[in-house]
Structures are given as C-alpha cells and as structure tokens.
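[1] I need the structure of the sequence given here:
(chains A, B, C and D)
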2 protein chains.
Amino acid sequence: MAPRDHEIVRLTADLVILTVRSGRLCVLLVERANEPFRGRPALPGGFLRAGETIEETAARELAEETSLDGLPVEQIGVYSAPDRDPRDPRVVTCAFLAIAPDLPVPVAGTDAREARWLPLDEVGGLAFDHGRILADAVERARTKLQYTTVATAFCPPEFTISELREVYEVVWDVEVDRPNFHRKVTDAEGFVEPTGAKSTKGGGRPAVLYRAGGARVLHPPMVRPRAKSS
Amino acid sequence: MAPRDHEIVRLTADLVILTVRSGRLCVLLVERANEPFRGRPALPGGFLRAGETIEETAARELAEETSLDGLPVEQIGVYSAPDRDPRDPRVVTCAFLAIAPDLPVPVAGTDAREARWLPLDEVGGLAFDHGRILADAVERARTKLQYTTVATAFCPPEFTISELREVYEVVWDVEVDRPNFHRKVTDAEGFVEPTGAKSTKGGGRPAVLYRAGGARVLHPPMVRPRAKSS
DNA sequence: TCAAAAGTGTTCTGGCTACACCCATGA
DNA sequence: TCATGGGTGTAGCCAGAACACTTTTGA
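    Numbering: from 1, shown residues only, chains lettered A, B, ... in the order given. All right, here's what the predicted structure looks like:
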C-alpha cells in the first residue's frame, strides 16, 4: 500500500447523556470555555488518552460530569467530516449515549465547566456537529426502548409502573394505555421485580414499587404507537 | 482543559463485505502482505486520507475491492483497544458493513492483494481484532434483515421470491415457511415489485421475477424463528 | 363519600403459523 | 403423466388495542 498518504487525527468521545426531568426529555450540556465556538452550548466530551479505549474516555468524562460511576455507555457513531472542527489538525469524534436517572442538580462537574440539563425542545445552536449527534442519539434511545429494558435506567432504583410508563410517554412523545402497559411490563420476564414496598406519594391508591430486573432485552418488544403530537 | 494530554491516532476503515454464495454466507477477506500479521487473512480496509470522511474511506476501499460503486456502507463501531495493533503509533479502526450480491469471482482488486470470498464457518485466525469485528457485523446484518429490506441487496437486480427466501434462510440459519414468506414479501409495501418477466431456470413452474422496491424499512418486520441447527 | 390513581377482566382484531391444496412447466 | 418447484386458501392461535370495571388510599 502507498505509505504515508493517510492523515493523523485526534480522537474525542462526545457524550449524549439523557434523562427525564419533570416530564421532559433532557440532555446534559456544557458551555464551551474556549475557541472554537466559545460560549456556545456543546455536548460534554474529551480527548482519547494514551492507554485508553474510546469507551474508557467516554466513561471517564461521564463520571466527571455526573458523578455516576459505572453507567453503561453505547457507541452512536463516528463523525469525521473534515470541516467539522475548524481547528488544525483534524479532530474526529466518537459519540456515545448514556441514560441517567433524574440526578440532583446542578450536576457537580469536577472541572470548572458549567453543566446543565436542558429540555430537548429548547436545545439550539450547539457547537460543531453536535446537533446532528444529539438527534442521532435520541433516535437510538427511542429505538432501544422498544426491544430493551433501558427504560429502567431513566428511573431511580425503586420506581412505580406509572413512573416507568412516563418514561415511554416522554421519550416517545406518545400516550401509552395504562392498563395494558402495566400487564405487559409485569408479565415480561426480568423487566421489573417488586420490592414489596409501596409508594406513599400520590393522591390515590398506593402503587407497588419495583426495581429493575435482570433482563436486558425485552421479549416481546414494546411497540411504538404513532406520535400523538405533530 | 489540560492541554496535550491526548493521544494522536491513525484512523482506518475496515470493511465487512457479506454475500451469499451457493447457499452459504460468505465474507470478503484479503491476505496481509505486510507486517504485522503478514500472511494472515484480514478484512479489507485502509487509512483515512486528508479531506475524506471515514465513510468515504470505506466507500473507496469497497470500490477498489469489489468494483461495485455506490454500494451503501453502514458503521458497525469503533475498535480502539490500545494493543489492537502492535505498531506504533496507535491505530484505531472504524468498521463498516456492506452487503453485496454474488459477484463474479475472484473479485478483481485494483491493488496486488488477493481477495477471496470465504464461507463464515471456515473463517479463522483473522489478523488484529477482525474476528470480533466480523462477529459484530454479522450480528448486525442478521438484525437488519428483520426490520429492513436489505435482503434484496444480497440478490442480483432481478430475483425470484425463492432466491430472496434463501437469503433469509442462509443468513439466519433457519427454515422459513415458503407460502407464508411469499405472501408476506409480496404484500409488504415497497419491498419488491414484479418486473413482468419470469425465471426460466429450475425444473418446476416458472417463478415471477422481482426487483427491489423503494422501501427501506419493513413494516411489519420479519420475525426470526428459533435457529434450526443448535 | 368522593376524587384520584392503581390494578384487573374482557372483547375484538390483525398478523403469524401450519398445512392442505392448486398451478405451470420440463422430462 | 409424473416430478418439481411456484403460488393460493384457510383455520387456529396469540398478542396487542380498547375500554369497562374494581380496588385502595387521602381528603
């Protein structure tokens, strides 16, 4: 092969960290402190270091931003347009999706950057190609709700079926039939398991509390109905 | 942020090109001409060049290996283990999946490397982490058959329903009910459309020929039955 | 006793499975 | 006229959709 006709790049991991806060799907954004795009909102992220896999880079940045350790991250894709970063030399990024419960805010980052949750429909003007990355990650999250049990990752350790249903309704922006959802979730092997306790909040009958079950895939899958708004 | 604590990498695109040949799922492999892993089978691939996206790198390598232009490629993932390439400096790869019809072989590459189709169950001893990349890509292809129309990409421009069914049977390693498959495929909007011609091969009744339809997603999806061979 | 939210029962329907059956061609 | 593979008909089953209904709490 022809030697040295290839380009040297710097590799970053950018994180799309999603959560549900007060009935809205939110993403964690930071404000850029340096050029390029100084002052613009951006996805948290950082450079690959020696000896790391890019997953480890992502996990390290995630821990710094959310103080949630061991939260799984999933690759969304590589974004490598030559002009995506005006700096020289070239920067290629690998985007990751992470799903978090509603954390105590403001999220205390260990570095000076200000991080904040922003509802998806208020996001605009992101730096670089982060708008596209965010859109791709949200689409992935929506798809994953169908055939995996990740919805529980949006919830606190103990939750009610209604709280879990709210995750689906918020992320998919649909209404989900309450009785059918209850049956489907409680019948599905390993999706949720009862803790024995009951929720005391709420005006009506107390709800049984559940925790996430052992299953990762959902069988049969949830089917996403037609969107309610549009 | 702390400057210069990040690593410089070289980025490659590696291709998993799949096809169905004489009833078996096959992958295109090349023999490495240089160290490391000289003489070992490997996935075709190459380095990112200046001004290219990594998708363009993949498309360029694909065209060189198969002389099929414009075949779509899909990202599988990034493989970045620090020790995946014994060379220094570090090489990170982005893997791509491409699906091809049964091409006239041997595939004429423009470079000197010898490329050949190898049935999946005969693959072994791949260079680097290409064994894992291949496994991930095959799993992706299997999943994609469920809810997309990519199965037609395994077929020539005109094909019979039975040829399309064979794709599912080979890739999934299952038996598919012939009558039900026929109905499902011909009823699905945009999956296949008849050309008007009929196949002359085969001993029995001539089969109607179809070409790929316009739809990319399959609605409702194909469901993968339990594997026939354990 | 009423409102509110949790949870159960029941009917209907659409898609899938299984398999019987008919059709068109070559030998 | 028989073998071979293409294509259609149809009965049963099962899961999801829709929605009526019962249960358990606080006010």
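[2] let me know the average pLDDT across the strand ranked longest in chain A.
    Secondary structure assigned by DSSP state E gives strand A:8-21 as the longest strand of chain A. The average pLDDT for strand A:8-21 rounds to 97.
[3] list the helices and strands it packs on?
    Secondary-structure packing of strand A:8-21 (3 or more CB pairs under 8 Å, 6 or more residues apart in numbering or on different chains; DSSP states H and E): strand A:24-31, strand A:45-47, helix A:54-66, strand A:91-99, strand A:115-119, helix A:130-147, helix A:161-172, strand B:8-21. (Each C-beta comes from the backbone N, C-alpha and C, glycine too.)
[4] list the buried ones in stretch A:58-69?
    Of all the residues in stretch A:58-69, those buried under the rule 16 or more other CB atoms under 10 Å in any protein chain shown are A:58-59, A:61-62, A:64-66.
[5] pull out the buried residues from the longest strand of chain A.
    Residues A:9-21 are the ones in strand A:8-21 that count as buried (16+ other CB under 10 Å).
[6] ok, now stretch A:138-155?
    For stretch A:138-155, the neighbour count (16+ other CB under 10 Å) marks A:138, A:140-141, A:144-155 as buried.
[7] check contacts around A:Ile99.
    A:17-19, A:71, A:141, A:150, A:153-154 (CB atoms under 8 Å, 6 or more residues apart in numbering or on different chains).
[8] so which of the residues you listed is the closest to DNA strand C?
    A:Phe154 (16.1 Å; CB to the nearest atom of the strand).
[9] quick check: that closest one vs A:Ile133, distance?
    Look at A:Phe154 and A:Ile133: by CB to CB, to the nearest Å, they are 20 Å apart.
[10] and chain A, which residues reach DNA strand C?
    Contact residues (CB under 7 Å from any atom of the strand) of chain A with DNA strand C: A:160-162, A:178-180, A:182-183, A:186, A:202-208.
[11] just the buried members of the residues you listed?
    Buried members of these, scored by 16+ other CB under 10 Å, are A:160-161, A:182, A:207.
[12] compute the number of surrounding residues for A:Asp129.
    By other CB atoms under 10 Å in any protein chain shown, 19 other residues sit near A:Asp129.
[13] A:Thr148 contacts A:Met222, correct?
    No - A:Thr148 sits out of contact with A:Met222 when judged by CB atoms under 8 Å, with a separation of 9.3 Å.
[14] how about the residue nearest to A:Ile8 when sequence neighbours are not counted, what does it touch?
    Among residues not flanking A:Ile8 along the chain, B:Ile8 sits closest, at 5.6 Å (CB to CB, 6 or more residues apart in numbering or on different chains). Contacts here follow CB under 8 Å, 6+ apart; on that basis B:Ile8 touches A:8-10, B:89-90.
[15] do A:Val91 as well
    A:9-12, A:84-85.
[16] distance-wise, check the residue in chain A that DNA strand D sits nearest to relative to chain B.
    Nearest residue of chain A to DNA strand D: A:Arg205, at 2.9 Å (CB to the nearest atom of the strand). Applying CB to the nearest CB, to the nearest Å, the value for A:Arg205 to chain B is 37 Å.
[17] pretty sure that residue belongs to a strand, no?
    No - under DSSP: H, G, I helix; E, B strand; the rest coil, A:Arg205 sits outside any strand and is assigned coil.
[18] quick one: name the residues of chain A near chain B.
    Contact residues, chain A versus chain B (CB under 8 Å from any CB of the partner chain): A:1, A:5-11, A:34, A:46-55, A:75, A:77-78, A:80-82, A:92, A:94, A:111.
[19] again, 6 Å this time
    Chain A comes close to chain B at residues A:5-9, A:11, A:47-51, A:53-54, A:75, A:77-78, A:80-82, A:94, as judged by CB under 6 Å from any CB of the partner chain.
[20] just the buried residues of those.
    Looks like the residues of chain A next to chain B have A:6-7, A:9, A:11, A:47-48, A:53-54, A:75, A:77-78, A:80-81, A:94 buried, using 16+ other CB under 10 Å.
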